[in-house]
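Asks: just coords:
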């Protein structure tokens, strides 16, 4: 068993969800991630958990569904899947999700239209996140499949090398990784405060293939470095987390944007994505690969083609320094500034009136627009221009 | 992939649950049974299923719980686990469970008291079974661990040999396995009818270490060879199924009984079990191995020490003929007559008044009492003695 597993398991249980005695914890993993899932279960029980359930998803079962289920069956969510989130919330529970593509090329030959039509967000999920009773975290879950995607099929030590990289990125080499993440979370929280203090009305992104203005929502705050539950317990929704983000005005995005990294949607890559926005809506979607899947997504419901997130990431995290491409949103979105189409974050709204203006949709799909050549400039509510992020360094 | 997988998968979907278009199906499997679980999912989708969920349980996560969870946490069932059964019933769904010890000796060093205290039946489960809206089946799920238990650690072809034996037992070698099971089910149904017609008041079991009288419940019928749902669709709760069973009078069992095969409870073997009954209650529990776990079980609740099932099995099934010991209740209980302590079957009662007399308990644990030397004699309600089963052959 890789050396990093016990430390990452403790980090997930303590810094991630900050598990407390008598708590019910659900761990969502994919087949191939068993060693880490079991270690996290142990770490939670050591903190006094009452019940730890590990749910393994099987990418091959999903492929069977995508290739053999009747067309009308796509998009089905059983009633219990939706209720479970509410039950977990009622029980004061916590959720730990392991990420990472465990079976990377499995869906390469599957009709992207069917993948898109079966890709359904659970409406209760964003609500539960917003109410901040369920403490949750997303952490990397290394697997043989992911390791081969990052290092190649013929690298015999691929999994060890992936664990080593993830150990570095997750700061497991710190004297006290839990304290190291609390410090980083404080820095990100301070950056979010500076963005709030700047009273920005919009952000202007310029870079190769990108000239995009994103209107911000007056009354929605910036967030970074973790969250605090309604009962006052801190938790870290992502490990690693390097981003500062807000929920933008869904009606005031315009211009063009080009993705700087491929994104994986249900195991399928979308690369060279180019989107044109007018009046908040994506009116044009092109890509070198995967355009059809992205078009399916933004057509999913009435507001799926509007922005739900804008996030800024500087270069002080460790992901970029490894020189590796991880093909996973948790890593990519914490290595580069990004935006997401789909549902936004009502919990960032100052009041009900502002919350009602946050975008609502059954999808939430991030894509990366940041890189060394991206410049982010802000315009304040009183009309001043301010540099925000230059060459991945904070300028504010 | 073993040749038997597609045929067993179709058998589970068609003869087992008799899947219909637009149905939701839950498959319960253990890690190590992925190939069969995926094949069954495909077979269900081919029949028009709307959603097939595969839930994998991880024996190692269970061991982590049994060794590291706080004592007070044992016996916890999350709310959603209970509700899920009711949701499945409401959706007109079906359930396929894969059996077989996938990690046979994993719990050998775990405190049996803790295993017993964490072994909790879900109250809703027996209710749902009784209402006969959810069609369900239990089938064997071969795994490397199970194969090694049956054939030894050093047998390189163990898994292939297990699949071959299971192919024979499940009649996959028949021209039409689905039809073969419908015929066998009809035979068992006719035997149940003959037992009903005999109007038996009690059964008397005699054999080595066994001299036991089981009072039967006036107004409870015998069942064998499958069930019919409330909407008139046949299904086979067990494949293989070779038993004819009823729910006995919980107050009229007396004498002594010795198990003829070891039973596995939560992965722990109980062997050489000897139980003494008075007035329907087990008053003495001894065993060569595992007595403490069995004592924990029968002390679980007020009626856990009374009988909930008596089942008769002749020798015309194929399990005994393989000459193998499978260490799994599905096989053992369909190779030998057996009784179970714990909850009985209200659906076998003729009316509400009889149903109220059926034993209720949070446990239901079968153990085998049949073998070549067992004699089963019946006493009719009008006082005649009838031979029922002699040397594993029907005598009625």
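Replies: Looks like it came in fine. Bear in mind the structure is a predicted one, so any value in this text is a computation, not a measurement. Numbering: from 1, shown residues only, chains lettered A, B, ... in the order given.

Asks: which helix runs longest in chain A?
Replies: Assignment by DSSP state H gives helix A:177-197 as the longest helix of chain A.

Asks: next one: that one to chain centre, how far?
Replies: Mean-position distance between helix A:177-197 and its chain equals 18 Å (CA atoms, centre = their mean, to the nearest Å).

Asks: so residue A:167 is in which element?
Replies: Assigned by DSSP states H and E, residue A:167 falls within helix A:158-169.

Asks: ok, residues contacting the longest helix of chain A?
Replies: A:7, A:10-11, A:14-15, A:170-171, A:174, A:221-226, A:234, A:236, A:239, A:241-244, A:246, A:312, A:388, A:394, A:396 (CB atoms under 8 Å, 6 or more residues apart in numbering or on different chains). C-beta coordinates here come from the backbone N, C-alpha and C atoms, glycine included.

Asks: buried among the residues you listed? Make that a ChimeraX selection.
Replies: ChimeraX command restricting those to the buried ones, with burial defined by 16 or more other CB atoms under 10 Å in any protein chain shown:
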select /A:7,10,11,14,15,170,171,221,222,223,224,225,226,236,239,241,242,243,244,246,312,388,394,396
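
Asks: tell me which of the contacts of helix A:177-197 fall in strands.
Replies: A:223-224, A:234, A:243-244, A:246, A:312, A:388, A:394 (DSSP state E).

Asks: could you check the angle helix A:158-169 makes with the longest helix of chain A?
Replies: Relative orientation of helix A:177-197 versus helix A:158-169 (axes from the mean of the first three to the mean of the last three CA atoms, to 10 degrees): 60 degrees.

Asks: how close does the most centrally placed residue in chain A sit to residue A:243?
Replies: The centroid of chain A falls nearest to residue A:330 when counting by CA atoms, centre = their mean (5.2 Å). Between residue A:330 and residue A:243 the computed distance is 11 Å (CB to CB, to the nearest Å).

Asks: hang on, the earlier thing: and the next helix or strand past the longest helix of chain A?
Replies: strand A:200-207.

Asks: what about the strands in the stretch 1-150 of chain A?
Replies: Along the stretch 1-150 of chain A, the stretches classed as strands by DSSP state E, counting those that start in this stretch are A:24-30, A:51-57, A:94-99, A:135-140.

Asks: so for the third one, mean pLDDT?
Replies: Same thing as strand A:94-99. Here strand A:94-99 scores 98 as its mean pLDDT.

Asks: for that strand, packing partners?
Replies: strand A:24-30, helix A:34-46, strand A:135-140 (3 or more CB pairs under 8 Å, 6 or more residues apart in numbering or on different chains; DSSP states H and E).

Asks: show me what the second one is packed against.
Replies: What that stands for is helix A:34-46. helix A:4-11, strand A:24-30, strand A:51-57, strand A:94-99, helix B:59-68.

Asks: what of the first one?
Replies: Counting contacts by 3+ CB pairs under 8 Å, 6+ apart, strand A:24-30 is packed against helix A:34-46, strand A:51-57, helix A:79-90, strand A:94-99.

Asks: looks like residue A:93 contacts residue A:26 (just checking).
Replies: Yes: Residue A:93 lies in contact with residue A:26 (CB atoms under 8 Å); the separation is 6.5 Å.

Asks: list residues touching both of those two?
Replies: By CB under 8 Å, 6+ apart, no residue touches both residue A:93 and residue A:26.

Asks: hang on, the earlier thing: turn the helices and strands packed on helix A:34-46 into TSV, including distance to residue B:166.
Replies: As requested, the helices and strands packed on helix A:34-46 are exported to TSV (distance: least, CB to CB, whole Å):
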stretch	distance to residue B:166
helix A:4-11	35
strand A:24-30	28
strand A:51-57	24
strand A:94-99	33
helix B:59-68	20
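
Asks: and of the ones you listed, who's closest to residue A:77?
Replies: Residue A:77 sits nearest to strand A:51-57 of all the helices and strands packed on helix A:34-46, at 13.8 Å, using CB to CB.

Asks: does the closest one reach chain B?
Replies: Yes: legend: contact between strand A:51-57 and chain B by CB under 8 Å from any CB of the partner chain is shown at A:51-56.

Asks: cool, thanks, talk later.
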